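**Student:** Structure, please.
(one chain, ligands or ions: 2)
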Amino acid sequence: MKKDLSNIKKAKYLLNKNHCVAIPTETVYGLAANAYSSKATLRIFKLKKRPKTNPLIVHYSKMQDLERDCEINNNFKKLYSKFCPGPLTFVLKLKRKSKISRNVTNGKRTLAVRFPKNLITKNLLSSLDYPLAAPSANIYTQLSPISKRDVKEEFGKKIKFILDGGSSEIGLESTIISLVNNPKILRLGSIDVKKISKILKKKIKYSKSKKISVPGQSKFHYSPGIPIRLNASNRFLDEALILIKKRKNFDRDYFYLTKNQNLKEAGRKLYKTLRRIKNLKYKKIAIEKIPNIGIGQTINDRLKRASKR
Ligand code: TXA
Ligand code: MG
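**Tutor:** Ligands and ions are numbered 1, 2, ... in the order given. As a prediction, the model looks like this:
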């Protein structure tokens, strides 16, 4: 705890000086910077090699702070009270008087916002007088990091500090819902869309609309950098095989996300396993069919994009 406090202090010191700091969240680690500063947010794009047309998510610790920057509505309040803090990102209308840097939104009049649950990051956020813009802490199109070690692997010494918060509990990026007009899901995450529909008393759809550019929606993303073959039942000689159900035989080229089809566990281990296989220098990956239900849909969404070349 004492260590956490001194780490938070260090993160705060660097953020106040417009540097980027990696932060833990329950979904994946983020590469954070002062969302009100153009100098700080520009550094995020440079470090990630991310196109500036791709807007950032801004992280808050309290609803009151968000109200300085965004218009909130009833749908937001309903979902906020049910899911926040947690793995849900809202796209809302940006207020004219908001201090959010134009780099964050790429000049758009909407803003993606999230209230992370991780305690260390929550404490950091409430000690700052600005919110934190933070995309996933990976190089553009690569695998998202779920631990301090993963972030180090992505950026090496290029970032000054990684706030350690252990492994991300969920391991998949947040669900994104736009509440600007009719609510629609822009990116699948760990929250069941049916639950959201129930709370809003309306059937909410996952929209793959091309008009809204969500790179989670771009074709090639979340990639370990080697080919992935989906719906495989066995491995070819040069492949690592990812499984979700225990097999009788032992094979050192088998990698389990879960041994009993626990999809939550599979989601948590997905990026970690892909990263491990890549680091073991396999040339190819094969993966068993994942049931397309609940969080399985999100896993399949990420795998589909990761397998595009
Ligand atoms: O779980 C998460 O959401 C993690 C943690 C760190 O919070 N963050 C994350 O950020 O996944 P990123 O940048 O990797 O993905 C955010 C997505 C991007 O695809 C971006 O295009 C989209 O959100 N986005 C940001 N602002 C938007 C906006 N105003 N309208 C629509 N999409 C937006
Ligand atoms: Mg990302």
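
**Student:** Could you find the closest non-adjacent residue to residue 93?
**Tutor:** Once flanking residues are discounted, residue 93 sits nearest to residue 71: 4.3 Å by C-beta to C-beta, 6 or more residues apart in numbering. (C-beta placed from N, C-alpha, C; glycine too.)

**Student:** So which bits of the stretch 1-150 of the chain are right by ligand 1?
**Tutor:** Neighbours of ligand 1 within the stretch 1-150 of the chain, by C-beta under 6 Å from any ligand atom: 25, 27-28, 30, 54-57, 89, 91, 108, 110-112, 114, 134-136.

**Student:** same thing but at 8 Å, please
**Tutor:** Residues of the stretch 1-150 of the chain lying close to ligand 1 (C-beta under 8 Å from any ligand atom) are 23, 25, 27-31, 50, 54-57, 59, 87, 89, 91, 104-105, 108, 110-112, 114, 116, 134-138, 144.

**Student:** does residue 70 really touch residue 113, like I thought?
**Tutor:** Yes. At 6.3 Å, residue 70 counts as touching residue 113 under the criterion of C-beta atoms under 8 Å.

**Student:** intersection of neighbour lists for those two?
**Tutor:** Common neighbours of residue 70 and residue 113, using C-beta atoms under 8 Å, 6 or more residues apart in numbering, are residue 92.

**Student:** Tell me if the helix ranked longest in the chain is near ligand 1.
**Tutor:** Longest helix in the chain, counting residues (DSSP state H): helix 263-279. No. Applying C-beta under 8 Å from any ligand atom, one finds helix 263-279 out of contact with ligand 1, separated by at least 11.6 Å.

**Student:** any idea which helix or strand comes after that helix?
**Tutor:** Once the chain leaves helix 263-279, the next helix or strand it forms, by DSSP states H and E, is strand 284-287.

**Student:** what's around the residue nearest to residue 274 when sequence neighbours are not counted, how many residues?
**Tutor:** Distances taken as C-beta to C-beta, 6+ apart place residue 224 nearest to residue 274, at 4.3 Å, with adjacent residues excluded. Number of residues near residue 224 (other C-beta atoms under 10 Å) recorded here: 20.

**Student:** what do you get for the one 3 residues further on?
**Tutor:** As a burial measure, residue 227 scores 15 neighbours (other C-beta under 10 Å).

**Student:** Next one: it relative to ligand 1, how far apart?
**Tutor:** For residue 227, the distance to ligand 1 equals 23 Å [C-beta to the nearest ligand atom, to the nearest Å].

**Student:** List the buried residues of the longest helix of the chain.
**Tutor:** Neighbour-count burial for helix 263-279, counted by 16 or more other C-beta atoms under 10 Å, picks out 263-275, 277-278.

**Student:** next one: stretch 177-191
**Tutor:** Using 16+ other C-beta under 10 Å as the test for burial, stretch 177-191 gives 177-180, 183-191.

**Student:** Can you sort out which of the residues you listed also neighbour ligand 1?
**Tutor:** Answer for the buried residues of stretch 177-191 near ligand 1 (C-beta under 8 Å from any ligand atom): 178, 186-187, 189.

**Student:** now, which of these lie within strands?
**Tutor:** Among those, the members falling in strands (DSSP state E) are 178, 186-187.

**Student:** got a list of what the residue nearest the centre of the chain touches?
**Tutor:** In the chain, the residue lying closest to the centroid (C-alpha atoms, centre = their mean) is residue 173, at 2.9 Å. Residue 173 makes contacts with 27-28, 136, 144, 187, 189, 216, as judged by C-beta under 8 Å, 6+ apart.

**Student:** By pLDDT, rank these and give me the bottom one.
**Tutor:** In terms of pLDDT, residue 216 ranks lowest among those, with 52.

**Student:** Look up how far residue 186 lies from residue 54.
**Tutor:** As for residue 54, its distance to residue 186 is 13 Å (criterion: C-beta to C-beta, to the nearest Å).

**Student:** which element is residue 164 on?
**Tutor:** Short version, using DSSP H and E: residue 164 is in no helix or strand.

**Student:** What of the one 4 residues further on?
**Tutor:** Element membership for residue 168 (DSSP H and E) is empty, with no helix or strand holding it.

**Student:** Distance-wise, check the residue lying closest to it once chain neighbours are set aside relative to residue 257.
**Tutor:** Take residue 168 and drop its neighbours on the chain: the residue closest to it by C-beta to C-beta, 6+ apart is residue 146, 4.1 Å away. Look at residue 146 and residue 257: by C-beta to C-beta, they are 13 Å apart.
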